[in-house]
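Asker: After the sequence you'll find the predicted model.
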Amino acid sequence: MSTEEQREIGDKIFFSKCSEELKKWWTEYRFLKFFPTTDRFSTDSLGAGFKDAQWVLMLFAVDPAYHRKGVAKALMKVIEEKAKASGTSIVVETTTELNLLIYKRMGFNVKGKITLVSPVGQSPVWQLMKTPKV
């Protein structure tokens, strides 16, 4: 979401589906604990400031109707070309073992793993990186 208006619409939709406990966590806890934890995780996994200078895929998904049709590979190829042209790497984070397997098949290497805790439970987070060959 590239504009403030788009972010506000997205936030409104997101928060309409959250419990009061999750809303509180999202607005308070994430700034006090979540972001510092994930920042520390990135520094430990990749090095200080490294992630800031890379292509970071915050959301990378394909509609289930198009799974196993090469769509993710085609999208990733475009991103790899951009990363290659800028001399940078690609960083992704995932919370599922299936996505972990998919990213590994695409040539990503695991750089670190942590477990995050929220009101809805615990979640593993893997951080992966790929440096396109020049």
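Answerer: Received the coordinates, thanks.

Asker: could you pull out the helices for the chain?
Answerer: With helices called from DSSP state H, the chain shows them at 4-16, 20-24, 35-46, 71-86, 97-105.

Asker: low pLDDT regions in the protein?
Answerer: Counting by pLDDT under 70, the chain shows low-confidence ranges at 1-2.

Asker: Nearest to residue 118, out of the helices of the chain?
Answerer: helix 20-24 (7.3 Å; Cβ to Cβ). The C-beta positions use only the backbone N, C-alpha and C, and glycine is treated the same way.

Asker: For residue 115, list each beta-bridge partner.
Answerer: Using DSSP bridges, the bridge partners assigned to residue 115 are residue 124.

Asker: separation between the closest residue to residue 88 other than its chain neighbours and residue 5?
Answerer: Spatial nearest neighbour of residue 88, chain neighbours left out: residue 54 (4.9 Å); criterion: Cβ to Cβ, 6 or more residues apart in numbering. For residue 54, the distance to residue 5 equals 28 Å [Cβ to Cβ, to the nearest Å].

Asker: who has more neighbours, those two?
Answerer: Using other Cβ atoms under 10 Å as the criterion, residue 54 and residue 5 rank with residue 54 on top: 17 against 9.

Asker: so who does the more buried one touch?
Answerer: If you count contacts by Cβ atoms under 8 Å, 6 or more residues apart in numbering, residue 54 has them with 83, 88-91, 129.

Asker: repeat that with 10 Å
Answerer: Going by Cβ atoms under 10 Å, 6 or more residues apart in numbering, residue 54 touches 46, 83, 86, 88-91, 129-131.

Asker: and which of these is nearest residue 68?
Answerer: residue 130 (20.8 Å).

Asker: Test of understanding: give the bridge partners of that closest one.
Answerer: residue 90.

Asker: That one contacts residue 90, doesn't it?
Answerer: Yes - using Cβ atoms under 10 Å, residue 130 is in contact with residue 90, at 4.9 Å.

Asker: hey, what's in contact with both of the two?
Answerer: 54-55, 76, 79-80, 83, 103, 106-108.
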